[in-house]
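Novice: everything below, folded, please.
(one chain, ligands or ions: 4)
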Amino acid sequence: ISLEAAMFQAIREGEFLLYYQPIVNARTRIIEGFETLMRWKHPTLGMVPPARFVPIAETNGLINMLGAWALKAACMQIRQFSEVAKRELYISVNISPRQFRSDRFLAVLDDALAFSGTPGRQLVLEITEGTLMVDPAHAETILVKMAEREARIAIDDFGTGYSSLAYLSRFPISVLKIDRAFIRDLPQSEKDAAICNAVLGLAKHLDLSVVAEGVETEQQLEWLDQRGCQYVQGYLTGKPMSAHVAVAALNENL
Ligand code: G
Ligand code: G
Ligand code: MN
Ligand code: NA
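Specialist: Ligands and ions are numbered 1, 2, ... in the order given. Now for the predicted structure:
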């Protein structure tokens, strides 16, 4: 049985689940939100990472079904997390290129918000530069409609794609996520330090928030905080975890 056939069955069997990685304030380390990361709990293969199955789902179109499920589950989960924290947290959901281009995308988004009762302002959609650049005119239409719903847009893996900086001022974008490749060798790497400083400067002048991804050491966190990076996400402040563990983390984070 191919991985593709197994995925159809897995959707029916409910083998896909979401993990949640904290996004924290770099200064206070208070949890502001979570990124959802999909997992496949296969009965014999164990946990299958998204790097194995997302590209297949993107090719065969199953990503639309999986993505719709993930968006709804994430919007429902953020209510519980916010109740535990006693404040409004946000949920950040990865949207693949094919999902973003789907005719049904806005309907799927509205359904997730309406079904969960979660306001759009608690939702962040992560897209890559590539997703924007395939069809910038279409992208602009979708982004404007998301802004109407107060859902924010984050550019994921920022700095690694092919894109024009012009889209940052033309489109309603709220967040830049610095790819972990630029964080890994901080603070020693002068080149990566220069890139991070440039992104932070750009974000400041364009009034965008920045999340540094892949922060693993205290030195990286301190370096970023001192240069005005407000938010971090990485193994130092929390690995991807089940909803159950995330609730425990929130209880300890108050
Ligand atoms: O958790 P992990 O490091 O294995 O995730 C690897 C990548 O898989 C992420 O960077 C992300 O691009 C992708 N991914 C994880 N969850 C989802 C999801 O729910 N939807 C989409 N489209 N991609 C996801
Ligand atoms: O592509 P995207 O940025 O959406 O996915 C984030 C990926 O980065 C996830 O697969 C997650 O498991 C991984 N990740 C999160 N924090 C760290 C970290 O501190 N170090 C490393 N190496 N990977 C991380
Ligand atoms: Mn992401
Ligand atoms: Na990323």
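
Novice: how about the strands in the stretch 151-254 of the chain?
Specialist: Assigned by DSSP state E, counting those that start in this stretch, the strands in the stretch 151-254 of the chain fall at 152-158, 175-178, 209-213, 231-233.

Novice: spell out whether stretch 82-101 and ligand 4 are in contact.
Specialist: No: contact between stretch 82-101 and ligand 4, assessed by CB under 5 Å from the ion, is absent, since the two come no nearer than 8.4 Å. Where C-beta positions appear, they are placed from N, C-alpha and C, glycine not excepted.

Novice: list the buried ones in the longest helix along the chain?
Specialist: For the chain, the helix with the greatest residue count under DSSP state H is helix 62-85. By neighbour count, with 16 or more other CB atoms under 10 Å as the criterion, the buried positions of helix 62-85 are 62-75, 77-78, 81-82, 84-85.

Novice: okay, and for this structure, where does confidence drop off?
Specialist: 254 (pLDDT under 70).

Novice: residues in it within reach of ligand 4, list them.
Specialist: By the rule CB under 5 Å from the ion, the part of the chain lying against ligand 4 is Asp156, Asp157, Glu213.

Novice: picking that back up, the longest helix of the chain close to ligand 1?
Specialist: Yes: contact between helix 62-85 and ligand 1 is present through Gly67, Ala70 (criterion: CB under 6 Å from any ligand atom).

Novice: right, and the helix or strand after that helix?
Specialist: Remark: after helix 62-85, the chain's next helix or strand is strand 90-94, criterion DSSP states H and E.

Novice: quick check: angle from that next one to helix 62-85?
Specialist: 160 degrees (axes from the mean of the first three to the mean of the last three CA atoms, to 10 degrees).

Novice: who does the very next helix or strand once past strand 90-94 touch, helix- and strand-wise?
Specialist: Once strand 90-94 ends, the next helix or strand along the chain (criterion: DSSP H and E) is helix 97-101. Judged by 3 or more CB pairs under 8 Å, 6 or more residues apart in numbering; DSSP states H and E, helix 97-101 is in contact with helix 62-85, strand 123-128, helix 129-134, helix 136-148.

Novice: of these, which is nearest ligand 2?
Specialist: When these are ranked by proximity to ligand 2, the top entry is strand 123-128, at 6.0 Å, counting by CB to the nearest ligand atom.

Novice: please list the residues outside the closest one that contact it.
Specialist: With CB atoms under 8 Å, 6 or more residues apart in numbering as the test, strand 123-128 has contacts from 33, 35, 74-75, 78, 90-95, 97, 100, 113, 146, 151-157, 161, 174-175, 177.

Novice: of all the helices and strands packed on helix 97-101, which one comes closest to Lys191?
Specialist: helix 129-134 (20.0 Å; CB to CB).

Novice: burial count for the residue in the stretch 151-254 of the chain positioned nearest to ligand 1?
Specialist: At 5.4 Å from ligand 1, Pro240 is the closest residue in the stretch 151-254 of the chain, using CB to the nearest ligand atom. Burial of Pro240, expressed as a neighbour count using other CB atoms under 10 Å, amounts to 19.

Novice: quick revisit: export the strands of the stretch 151-254 of the chain to JSON lines and tack on mean neighbour count and distance to ligand 1?
Specialist: Compiled in JSON lines, the strands of the stretch 151-254 of the chain are given as follows (neighbours: other CB atoms under 10 Å; distance: least, CB to the nearest ligand atom, whole Å):
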{"stretch": "strand 152-158", "mean neighbour count": "23", "distance to ligand 1": "7"}
{"stretch": "strand 175-178", "mean neighbour count": "24", "distance to ligand 1": "10"}
{"stretch": "strand 209-213", "mean neighbour count": "24", "distance to ligand 1": "9"}
{"stretch": "strand 231-233", "mean neighbour count": "25", "distance to ligand 1": "11"}
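
Novice: so for Thr28, which of the ones you listed sits nearest?
Specialist: strand 231-233 (10.7 Å).

Novice: and that closest one, what does it pack onto?
Specialist: By contact count (3+ CB pairs under 8 Å, 6+ apart), the secondary structure elements abutting strand 231-233 are strand 16-25, strand 209-213.

Novice: perfect, I'm done here.
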